[in-house]
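>>> A structural model of the following input is requested.
(one chain, ligands or ions: 1)
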Amino acid sequence: MMNTLKRINPRRPFTVTAQGLRRITLGVVGIAGADGGALADARHAAHLEQPKPRRTTLTPHHVLLVAAHTDRGALDEHARQTLAAAALIADAHTEVVLLAFGEFTGDAAALGADKLIELPIFDRRMYAPADELNALAACIAAYSPAHVFLPDNATGDGDLGRRYAAAVDASVATHIVEIDAGHVSTYIRANTAYARRALPEVVLLEPNAVDPKLPFVGAGERVAWRVDREADSAVAQPAIRDLGIDEIDAAQVALEEADFIVSAGNGVSDVPAFERLATTLGAAIGASRVAVDDGKFTRDKQIGATGKTVEASVYIAFGISGAVQHLQGIKDCRHVIAVNLDASAPIAKRANLTVIADAQETIAALNEAAAAARGARATSAALLQPGKLAEGVLA
Ligand SMILES: Cc1cc2nc3c(=O)[nH]c(=O)nc-3n(C[C@H](O)[C@H](O)[C@H](O)COP(=O)(O)OP(=O)(O)OC[C@H]3O[C@@H](n4cnc5c(N)ncnc54)[C@H](O)[C@@H]3O)c2cc1C
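Numbering: from 1, shown residues only. Here you go, the predicted model:
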């Protein structure tokens, strides 16, 4: 019998409501289901190229503040979700201000911010919770936001939000998994119950509570801001001395905690060269199951469904096909780079950048480039030593 059931096109156009809910746009014909073929492709391309509208152009009366640390000039996925949450629940008279702790070189408007305050002085490598708290308090005093949003992470933002709430006795909700314009929700009693309350002053969001892809952009206006440590110290006096960061060998870092991983698969035959590259780049070593089964690496290096799940900012996969079990282990990695002879390998679909090349040749070229860079650095350092400069210039 012929199947006469009508299928709903999952790619039908949708809008995101003020409550952050996805609503199918009724009465609009879905592109994929309309007429298929080249026409649909052309319309799809045109749709993609359309600039997104500004969220609001009305006079702002209220502010939602989002505070988050940056990492090498960018907000991570969790921070972008937190910013999107504020942008989605902001009404037409509310502007969203992003307070970035650390250098920010991204596109604040595209992430939904109407104003950007960048505090490059607060580098992630520095531990200054009291100064950060004072800077946050100064910004809140200046803007009087209705609510303050931070990612509930263990890398500074979660701590900062709690410190602020405790310092000024603000209402706070932590580990938030659901949010709309009026409420926040979280799991309680070891995830056996669900608690809901009105939006408090400080909201700390769990990862993946909100989709960071917005149907609009913010104004993205950069605001000049000076951190005056003396004047800003109304809330907390520093009681912590930062002794700096102790760098440890990347090989000593647990794979789950590594920020930079180079990983080898069946396509890597020169293991010593690969290990040399990992040392040179200061990256942790991972491997596919086939490479581990072959005895090239120990079992604790295996990444994937039956190995480790990693969250590196950069994951370079040399000679790894990208089987579904392997991809499961790298789903939370930020930038994936694949080096593979086969452009159609599944890893290429997951990778942000794919280099179609031989793994051994690429590893050798990278090792050579690193040695050359090291050599150049050593030469310029020697030239800058007192007495050596004249010698170098005269030679
Ligand atoms: C229950 C179960 C659990 C599993 N768990 C895991 C897991 O946790 N982790 C995991 O990784 N796998 C796991 N696997 C295995 C997985 O299905 C794949 O077999 C495995 O990931 C393949 O490893 P690979 O990509 O290194 O090797 P291959 O599949 O052999 O792929 C090698 C890749 O290297 C490329 N290549 C070859 N030569 C070169 C060269 N000279 N230069 C550049 N590229 C080259 C090829 O084009 C190919 O894409 C599991 C399987 C099962 C059934």
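
>>> now residue 352, nearest residue through space, not along the chain?
The shortest distance from residue 352 to any non-neighbouring residue, by C-beta to C-beta, 6 or more residues apart in numbering, is to residue 335 (5.1 Å). The way it works is simple: take the backbone N, C-alpha and C, and place the C-beta from them, glycine included.

>>> tell me, how many residues neighbour that neighbour?
13 (other C-beta atoms under 10 Å).

>>> next one: residue 321
So residue 321, with other C-beta under 10 Å, has 19 neighbours.

>>> so it: helix, strand or coil?
Three-state assignment for residue 321 (DSSP: H, G, I helix; E, B strand; the rest coil): coil.

>>> that one reaches residue 338, doesn't it?
No: Residue 321 is not in contact with residue 338 according to C-beta atoms under 8 Å; the separation is 9.5 Å.

>>> quick one: contacts for residue 358?
residue 341 (C-beta atoms under 8 Å, 6 or more residues apart in numbering).

>>> dump the residue contacts of the residue nearest to residue 352.
Contacts of residue 335 by C-beta under 8 Å, 6+ apart are 313-315, 352-353.

>>> tell me the secondary structure for residue 81?
Relying on three-state DSSP, one would call residue 81 helix.

>>> one more: the one 4 residues further on?
Assigned by three-state DSSP, the conformation of residue 85 is helix.

>>> and if you look at residue 166?
Classification of residue 166 using three-state DSSP returns helix.

>>> follow-up on the earlier one: what is in contact with residue 321 and residue 338 at once?
Common neighbours of residue 321 and residue 338 (C-beta under 8 Å, 6+ apart) are 345, 347.

>>> those strands in the stretch 1-150 of the chain, which residues are they?
14-16, 22-24, 62-69, 94-101, 115-119, 147-151 (DSSP state E, counting those that start in this stretch).

>>> any chance of TSV for these, columns distance to the ligand, mean pLDDT and mean neighbour count?
TSV is the format used below for the strands of the stretch 1-150 of the chain (distance: least, C-beta to the nearest ligand atom, whole Å; pLDDT from 0 to 100; neighbours: other C-beta atoms under 10 Å):
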stretch	distance to the ligand	mean pLDDT	mean neighbour count
strand 14-16	35	52	15
strand 22-24	33	51	12
strand 62-69	32	97	24
strand 94-101	36	97	27
strand 115-119	40	97	22
strand 147-151	29	98	28
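
>>> now the ones you listed as JSON lines including distance to residue 225?
Putting the strands of the stretch 1-150 of the chain into JSON lines (distance: least, C-beta to C-beta, whole Å) gives the following:
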{"stretch": "strand 14-16", "distance to residue 225": "30"}
{"stretch": "strand 22-24", "distance to residue 225": "35"}
{"stretch": "strand 62-69", "distance to residue 225": "13"}
{"stretch": "strand 94-101", "distance to residue 225": "8"}
{"stretch": "strand 115-119", "distance to residue 225": "5"}
{"stretch": "strand 147-151", "distance to residue 225": "16"}
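
>>> how about the ones you listed, which one is nearest residue 135?
Of all those, strand 115-119 sits nearest to residue 135, with 5.9 Å by C-beta to C-beta.

>>> stretch 283-290 and the ligand, any residue contact?
Yes: using C-beta under 6 Å from any ligand atom, stretch 283-290 reaches the ligand at 288-290.

>>> so which of these is the most crowded?
Ranking the residues of stretch 283-290 next to the ligand using other C-beta under 10 Å puts residue 288 first, with 32 neighbours.

>>> phi first, then psi, for the residue lying closest to that one once chain neighbours are set aside.
Once flanking residues are discounted, residue 288 sits nearest to residue 265: 4.0 Å by C-beta to C-beta, 6+ apart. Phi and psi for residue 265, reported as degrees, to the nearest 10, are phi -120, psi -160.

>>> residue 210 and residue 86 touch, don't they?
No: contact between residue 210 and residue 86 fails when scored by C-beta under 8 Å: they sit 9.3 Å apart.
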